[in-house]
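Visitor: sequence below, structure please.
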Amino acid sequence: MAWERTWLYRVRDCYLVSWKLNDEEIRLSDMPGNAFDTPEERNRVAAVLEKYNEDLTLTPEEDAVFAQLARERTVRHPCAHTSQFPCAAPSASGLRRESSSSPSPATSFLSGTCIRKTPWTSASPSSFSP
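Guide: Got it, this is the predicted structure:
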């Protein structure tokens, strides 16, 4: 789902959300707070998940709601897209740094490309690969 790429940056969240898709129930309470910008957005996601959880199949209509949410979030936060790195490479989980004292991810511009600086990347030119 494109919507996930606007907030997902921890491997743990892949287990709680992404990897459950079309196999297990996805609970709103498993999603981190940064998955929602507004109470209205949270309510929209809750409505879609309620329908999804009935038969554990994401329909094209439900996916379209998530795509619309992603477009809206991208307009509000152009640099908020995260890499698909955690879900694409679960073996890299040792590279992540999770700590309650860690600062929130910050955004950076690098060579005209908008990327998200996450706890496991330095967002330096030598570490960035498109």
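Visitor: surely residue 34 and residue 7 touch.
Guide: Yes: distance between residue 34 and residue 7: 5.0 Å, which falls inside the contact criterion (C-beta atoms under 8 Å). Where you see a C-beta, it was placed from the backbone N, CA and C, and this is true even at glycine.
Visitor: and those two? Which one has more around it.
Guide: Neighbour count, other C-beta atoms under 10 Å: between residue 34 and residue 7, residue 7 has more, with 24 against 15.
Visitor: number of nearby residues for residue 68?
Guide: 13.
Visitor: residues touching whichever strand or helix holds it, excluding its own?
Guide: Using DSSP states H and E, residue 68 falls within helix 60-76. Identification of contacts with helix 60-76 by C-beta atoms under 8 Å, 6 or more residues apart in numbering yields 1-7, 37, 41, 44-45, 48, 51-52, 80-81.
Visitor: 7 Å instead?
Guide: 1-3, 5-6, 37, 41, 44, 48, 51-52, 80-81 (C-beta atoms under 7 Å, 6 or more residues apart in numbering).
Visitor: could I get the residues you listed in a markdown table, plus columns for distance to residue 17 and pLDDT?
Guide: Converted to a markdown table, these look like this (distance: C-beta to C-beta, whole Å; pLDDT from 0 to 100):
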| residue | distance to residue 17 | pLDDT |
| --- | --- | --- |
| 1 | 9 | 73 |
| 2 | 14 | 83 |
| 3 | 10 | 88 |
| 5 | 12 | 85 |
| 6 | 13 | 87 |
| 37 | 17 | 92 |
| 41 | 15 | 96 |
| 44 | 16 | 97 |
| 48 | 13 | 97 |
| 51 | 16 | 97 |
| 52 | 11 | 97 |
| 80 | 17 | 59 |
| 81 | 16 | 57 |
